[in-house]
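**Q** I'd like to go over a predicted model; first the sequence, then the structure.
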Amino acid sequence: PELHCIGRCSWNQRTDGAPTAKAKAKGKGKAKAKPAAAIGFGAPKAAPPTLDEVCGSFPSRLPEDTSICCPCGTGESYENCCRPYHLGDAVAETPERCLRTRYSGFCFRLPKYIIQSTAKSNRDWSADKVKWARRLHKEQMFDSFKFVQLEVLEQEGGMSEREAFLSMRVTLQPIDERTRLPTQAEPMVFAERSTFTQSSKGGWLYAAGTVTSEVSGLKDRVLNDDSDLGALKKDVGWVRGILNEDKKDPKDVAKYNAAVAKLHERG
């Protein structure tokens, strides 16, 4: 807090510390001076919230039973697989481990771990972790999707020993955020080629990635966040709506291709 009244409410002092007669006379008949805090210092400002406090205020999808099978696909229990990394008791020793722990981190809605496992070179990295966490909470936690499956594909070396590329395929089921029930019969499949870099402390971090759709007719459409997924979901529904209107049309394939062409024209 700023000190607004320093020098404005001081007293003339004798050597023994008591107020001088001059000071007494000057103050005679006047109201006693208010305590400094009441006339300018003010109450101290509350400390800004910490990353832990902010993330703790968000809802999560963590299971009560940590012995369940980990969603990352290793076949191990969550307790013995990704949980130690999410708690900060371990760091990702390999690019694949980083990939799997991030997948389960998104699945269980853990923005703090997503932040901690992201390299500074990533386009989403921010020094303001609280603001970053709030953005993740609002836009990038895939609340309208259920995580169905992660398939880890081939790994390639990078320009140095501290860089690696890893391909994966993710299956997500669109759901209603309120009821958690599927909003369409078929899940959506996406592919990504991700870049991972090793930190100076030895752990592997997510640096970048290009996500593409594997939905029929919309294959290779680039998807980078939840808003892109939402837009794709709407487009898939739009195409299917056109097809449903013409179920008796023997030229459904041509109709579908025309609908997809219109999507590309819309950008």
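**A** Received, thanks. These figures come from a predicted structure and were not determined experimentally.
**Q** using the three-state scheme, assign Asn80.
**A** coil (DSSP: H, G, I helix; E, B strand; the rest coil).
**Q** quick check, pLDDT for it.
**A** Per-residue confidence at Asn80 stands at 98 (pLDDT).
**Q** who are the neighbours in contact with it?
**A** By Cβ atoms under 8 Å, 6 or more residues apart in numbering, no residues touch Asn80. Every residue, glycine included, has its C-beta placed from N, CA and C.
**Q** what's the distance between it and Thr74?
**A** 9 Å (Cβ to Cβ, to the nearest Å).
**Q** cool, and Pro63?
**A** 16 Å.
**Q** do the same with Pro44
**A** Taking Cβ to Cβ, one finds Pro44 at 49 Å from Thr74.
**Q** one more: His86?
**A** 14 Å.
**Q** ok, now Lys146?
**A** 19 Å.
**Q** where exactly do the strands run in the stretch 51-200 of the chain?
**A** 145-157, 163-174, 188-198 (DSSP state E, counting those that start in this stretch).
**Q** tell me the angle of whatever helix or strand comes next after the shortest one relative to strand 163-174?
**A** Reading on from strand 188-198 to the C-terminus, the next helix or strand found by DSSP states H and E is strand 204-213. Following axes from the mean of the first three to the mean of the last three Cα atoms, to 10 degrees, one obtains 50 degrees for the angle between strand 204-213 and strand 163-174.
**Q** packing partners of strand 204-213?
**A** helix 95-107, strand 188-198, strand 222-223 (3 or more Cβ pairs under 8 Å, 6 or more residues apart in numbering; DSSP states H and E).
**Q** now do the buried residues in that strand.
**A** Neighbour-count burial for strand 204-213 flags 204-209, 211, 213 (criterion: 16 or more other Cβ atoms under 10 Å).
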